[in-house]
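Asks: quick one, fold the following:
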Amino acid sequence: MISDQYVWLAWASAFLAPWALLYLAFPQHRNTMLWASLFTMPFGLTEPLFVPEYWNPPSLFDLAARTGFDIESPIFTFGIGGIAAVLYSVLTGRGAQSMAAHEKHHALHRHHYKALATPFIAFPILYFFSWNPIYPGIVAMTIGAVATIVCRPDLKAKTWVGGLLFLGYYVVFLLGLEWTAPGYIERVWNLGALSGVIVLSMPLEELAWAFAFGMYWSSVYEHFTWRRVAVVKH
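Replies: Numbering: from 1, shown residues only. You can find the predicted model right below:
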């Protein structure tokens with residue numbers, strides 16, 4: 001059994017294995033994966049917002065406990081970003097193609113950048129309410145996903161299904177975490193500050209966060225780069 005001190009590092013790094021496999025196996029999705037992962041990686045620096053209010057994982061050099069920051073979080077956010085962005089496309093055999101110039105001038109697209117910015121505007125506002133910081137994160141990304149669908153109805157399926165697929169993917173890692181480090185979730189997550197609803201040893205909030213993350217990030221690449229989902233031609 002691995003020491004709690006290294007569980008967060010091992011778990012965060014484990015997300016890099018399927019990332020690397022998909023990157024090697026699906027060259028048509030490499031740009032999307034890199035773009036999404038490099039975009040999500042800096043969000044690992046928001047860890048002080050969640051430590052210790054949401055959880056308090058032992059980390060390398062005790063950085064999380066001493067500063068709120070750690071090395072593991074950027075590794076984690078890099079690994080999940082690229083996967084969330086391409087999981088739907090990989091499993092459905094679809095890719096992305098540029099939108100026609102005239103499509104960009106549709107009335108809904110006047111709100112293009114507003115929709116993309118929605119979660120980044122909503123989170124700071126919601127954060128100052130008297131609730132655990134995980135909740136504004138969940139709500140902000142959900143609002144962002146809804147805004148994406150309203151602005152880009154063609155991304156509706158990728159958004160919803162992408163959320164469900166990433167949730168399933170993330171659950172596998174959570175179950176693996178509990179299997180390899182029994183009781184770690186109970187020891188590290190601040191369960192007393194959450195709803196208390198546990199599903200197969202996993203806090204409901206962690207599952208809601210995974211679904212919201214998957215919804216927003218599954219289609220953010222296509223939305224940001226003015227691309228649409230299309231069948232990949234071989």
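
Asks: what residues are up against residue 87?
Replies: By CB atoms under 8 Å, 6 or more residues apart in numbering, the residues touching residue 87 are 162, 165, 166, 169, 214, 218. Glycine gets a C-beta too; all of them are placed from N, C-alpha and C.

Asks: for residue 116, state which of those residues is nearest.
Replies: Using CB to CB, residue 218 comes nearest to residue 116 of the contacts of residue 87, at 13.8 Å.

Asks: got the contact list for the closest one?
Replies: Contacts for residue 218 were tallied using CB under 8 Å, 6+ apart; they are 84, 85, 87, 88, 158, 159, 161, 162, 163, 165, 166.

Asks: any idea how far stretch 62-75 is from the chain center?
Replies: Centre-to-centre, stretch 62-75 and its host chain are 18 Å apart (CA atoms, centre = their mean, to the nearest Å).

Asks: who's in contact with that stretch?
Replies: By CB under 8 Å, 6+ apart, stretch 62-75 touches 8-9, 11-13, 15-16, 41-42, 44-49, 51-52, 56-61.

Asks: please pick the buried ones from the residues you listed.
Replies: 8-9, 11-12, 15-16, 41, 44, 47, 51, 56-59 (16 or more other CB atoms under 10 Å).

Asks: what ranges do the strands span in the chain?
Replies: 94-98, 198-199, 202-203, 227-231 (DSSP state E).

Asks: and those: which comes nearest residue 180?
Replies: Nearest of those (CB to CB): strand 202-203, 14.4 Å.

Asks: for that closest one, packing partners?
Replies: helix 156-180 (3 or more CB pairs under 8 Å, 6 or more residues apart in numbering; DSSP states H and E).

Asks: show me what the helix it packs on is packed up against.
Replies: If you count contacts as 3+ CB pairs under 8 Å, 6+ apart, helix 156-180 packs onto helix 4-14, helix 72-92, helix 134-151, helix 184-188, strand 202-203, helix 204-218.
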